[in-house]
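1. Quick one, what's the 3D model for this:
(one chain, ligands or ions: 3)
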Amino acid sequence: MSLWIVNGKVWDNETKELQTLHIRIENKQIAELTAELPDTGSAEVIDAQGKLVSAGLIDMHVHLRDPGFEYKEDIETGTLAAAKGGFTTIACMPNTRPVTDTPDTVKYILNKAKDKGAVKVLPYAAITKNELGRELTDFAALKEAGAIGFTDDGVGVQNAQMMKDAMALAHSLGMPIIAHCEDDSLVVGAAVTDGKFARENGLKGIPNESEAIHVGRDVLLAEATGVHYHVCHVSTEQSVRLIRLAKQVGIQVTAEVCPHHLILSDEDIPSLDANWKMNPPLRSPRDVQAVIEGIEDGTIDIIVTDHAPHSAEEKARGMLLAPFGITGFETAFPLMYTKFVKTGKWSLGFLLERMTSEPARVFGLSSGRLEAGAPADLTLIDLVNEREVDPQSFVSKGKNTPFGGWKLQGWPVLTIVDGTVAWSE
Ligand SMILES: NC(=O)N[C@@H](CC(=O)O)C(=O)O
Ligand SMILES: [Zn+2]
Ligand SMILES: [Zn+2]
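-> Ligands and ions are numbered 1, 2, ... in the order given. As a prediction, the model looks like this:
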């Protein structure tokens, strides 16, 4: 059964312009891209009507909360929210209940995603049992079950020897270590960054060094072990500096940044509303500038959402008591498009690469490219119509976002996974 997507606009990296192309999909793969309006015969046809057609977006850092926290999100709602946001592949974090630290839990996620998931789900497994930092998990068995990398996201691995052992073992299996960088001894009872907002509200602050100390330690351990080391949600100037230096000397390090750390600083926080609470916290304007420079010069490789849904009741507990985290799937692309492409700072191609081909390169995925032979994972995006962010209309169970009411352009309207429509307006 073939499917044609006609009259789509595709970014051309050579001319740096949008070009009208028609795309034929056959057997879950992209079979052909052509500028000539084809004879579609008896094939199924989707008229893109001048919308942007991109390779499906890839999000390498998300929380699906399943198993164990299904009141926040589950694999069905999380993957549908991802599809609505234009994502076709997502990688989910292991801070579930139980923690994803056994082959059975990895298989549970993969099976449920296959049965009920709207998009492709790649599970990470924990570095340490129960993410407690005391004992390594069985990396070989977890890899065998389908885990794509190891991380204790949600917490940092506090002990350097534990991290070194994890890296050596991951390296021997050809697997990456993905690190939530946070030194607990520097963060006691704080909810926001150590900066203007904390001072003005008489709050304790989370210092930049709590993140950067782990980055510095870990790039040295990555150098010693040879592992592919990936830094989660970079938020500080110091971390960017250390990653840049590590790359310069040839250490195998990659890094990600979230839209909120590229767009908001602690000076934008309007109140003690916990929808502005996430980990790492919103940093100073100077840090925001540094992470922007980091992605622009290639120090930071990719953009991820760190989609972290929580219930309304949990977020109503206030800045100090609410859990850290904000939802991301349904606002990520419009935010980045509106703030960086519409403003002329970045080309559309630069943004698309950081959300498609670059994550595919960093994690060795076959998707992320619009070319014949690639998996038929595609996203159609309306680059024209402006809409307001309405958290209550999110497909995600999590309505926790600081972006409610923002007027944005660049809304995904149709998402295709393996040649089948996963989301349509
Ligand atoms: N980012 C967050 O603020 N929260 C994440 C944990 C994490 O990504 O570290 C969560 O699981 O809620
Ligand atoms: Zn984290
Ligand atoms: Zn996370």
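2. Just give me the residue right at the centre of the chain.
-> Within the chain, the residue whose C-alpha comes closest to the C-alpha centroid is Val304; the distance, by C-alpha atoms, centre = their mean, is 2.3 Å.
3. For Gly205, which non-adjacent residue is spatially closest?
-> Using C-beta to C-beta, 6 or more residues apart in numbering and skipping residues adjacent in sequence, the residue nearest Gly205 is Asp194, 2.7 Å away. C-betas here are computed from N, CA, C, even on glycine.
4. on that earlier part again, and the pLDDT at the residue nearest to the centre of the chain?
-> According to the per-residue confidence, Val304 scores 99 in pLDDT.
5. and what of Tyr71?
-> pLDDT recorded at Tyr71 is 98.
6. Please apply the same query to Val413.
-> Here, the pLDDT recorded for Val413 equals 98.
7. Just to check, it is in contact with Leu383?
-> No: using C-beta atoms under 8 Å as the test, Val413 is too far from Leu383 to be in contact (10.3 Å).
8. what does the protein put close to ligand 1?
-> Taking C-beta under 6 Å from any ligand atom as the criterion, the neighbours of ligand 1 within the chain are His63, Asn95, Asp153, Gly154, His180, Met278, Asn279, Asp306, Ala308, Pro323, Phe324, Gly325.
9. Adding neighbour count and distance to Thr236, write these out as CSV.
-> Supplementary listing: the residues of the chain next to ligand 1 in CSV, determined by neighbours: other C-beta atoms under 10 Å; distance: C-beta to C-beta, whole Å:
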residue, neighbour count, distance to Thr236
His63, 26, 22
Asn95, 22, 22
Asp153, 23, 17
Gly154, 21, 19
His180, 24, 14
Met278, 25, 14
Asn279, 21, 13
Asp306, 29, 15
Ala308, 27, 19
Pro323, 17, 22
Phe324, 16, 16
Gly325, 23, 18
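10. can you put those in CSV and add secondary structure?
-> As requested, the residues of the chain next to ligand 1 are arranged in CSV below (DSSP: H, G, I helix; E, B strand; the rest coil):
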residue, secondary structure
His63, coil
Asn95, coil
Asp153, coil
Gly154, coil
His180, coil
Met278, coil
Asn279, coil
Asp306, coil
Ala308, coil
Pro323, coil
Phe324, coil
Gly325, coil
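11. Show the overlap between those and what lies near ligand 2.
-> Asp153, His180 (C-beta under 5 Å from the ion).
12. that older thread, name the nearest residue to the residue nearest to the centre of the chain, ignoring sequence neighbours.
-> The spatial neighbour of Val304 that comes closest, neighbours along the chain excluded (C-beta to C-beta, 6+ apart), is His61 at 3.7 Å.
13. my guess is that neighbour contacts Val234, does it?
-> No: applying C-beta under 8 Å as the test, His61 and Val234 come out as separate, 11.2 Å apart.
14. In the protein, mark out all the helices, start to finish.
-> 75-84, 103-116, 139-145, 160-172, 196-200, 208-225, 237-248, 259-263, 285-296, 312-315, 332-336, 348-355, 357-363 (DSSP state H).
15. out of those helices, which comes closest to Val389?
-> Nearest to Val389 among the helices of the chain is helix 332-336; the distance by C-beta to C-beta comes to 7.7 Å.
16. got a list of contacts for the closest one?
-> Outside of helix 332-336, the residues within contact range by C-beta atoms under 8 Å, 6 or more residues apart in numbering are 57, 59, 85-86, 259, 262-263, 303, 305, 351, 355, 381, 387, 389, 403, 406, 408-412.
17. near ligand 3 too, which of these?
-> Applying C-beta under 5 Å from the ion to these, one finds that nothing falls near ligand 3.
18. before we move on, the earlier item: quick one: the residue nearest to the centre of the chain from ligand 2, how far?
-> As judged by C-beta to the ion, to the nearest Å, Val304 and ligand 2 stand 10 Å apart.
19. ok, now Glu26?
-> Relative to ligand 2, and taking C-beta to the ion, Glu26 is found at 40 Å.
20. OK, contacts around the nearest residue to that residue once chain neighbours are set aside?
-> Counting by C-beta to C-beta, 6+ apart, Glu26 lies nearest to Ser2, which is 5.0 Å off, once chain neighbours are set aside. Contact partners of Ser2, counting by C-beta under 8 Å, 6+ apart, are Arg24, Ile25, Glu26, Ala31, Ala43, Glu44.
21. I'd say the first one and Trp4 touch.
-> This points to Arg24. Yes: using C-beta under 8 Å, Arg24 is in contact with Trp4, at 5.5 Å.
22. Would you mind giving the domain segments of the chain?
-> The chain resolves into domains spanning 3-52+375-424, 55-363 when parsed by automatic domain parsing.
23. Show the pLDDT at Met1.
-> pLDDT for Met1: 77.
24. my read: it touches Glu44, true?
-> Yes: the pair Met1 and Glu44 qualifies as a contact (C-beta under 8 Å) at a distance of 7.0 Å.
25. Name the residues of the stretch 101-250 of the chain found near ligand 2, please.
-> Proximity of the stretch 101-250 of the chain to ligand 2 is confined to Asp153, His180, Cys232 under the rule C-beta under 5 Å from the ion.
26. For the first one, give me its contacts.
-> In other words, Asp153. Counting by C-beta under 8 Å, 6+ apart, Asp153 touches His61, Met93, Pro94, Asn95, Tyr124, Ile178, His180, Cys232.
27. Repeat that for the last one.
-> With contacts defined as C-beta under 8 Å, 6+ apart, the neighbours of Cys232 are His61, Thr151, Asp153, Ile178, Ala179, His180, Cys181, Glu256, Val304, Asp306.
28. In the chain, what residue comes closest to ligand 2?
-> When distances are taken as C-beta to the ion, the chain approaches ligand 2 most closely through His180, which lies 3.5 Å from it.
29. what's near enough to touch that residue?
-> The neighbourhood of His180, defined by C-beta under 8 Å, 6+ apart, consists of Thr151, Asp152, Asp153, Gly154, Val155, Gly156, Cys232, His233.
30. what's the closest non-adjacent residue to it?
-> Ranked by C-beta to C-beta, 6+ apart and with sequence neighbours excluded, the top spatial neighbour of His180 is Asp153, at 4.5 Å.
31. Now do that neighbour against Pro123, distance only.
-> 12 Å (C-beta to C-beta, to the nearest Å).
32. still on that earlier bit, between the residues of the chain next to ligand 1, which is closest to Met162?
-> The nearest member of these to Met162, counting by C-beta to C-beta, is His180 at 13.9 Å.
33. roughly how far apart are that closest one and Ala332?
-> 19 Å.
34. Likewise for Lys51?
-> Lys51 sits 18 Å away from Ala332 when distances are taken as C-beta to C-beta.
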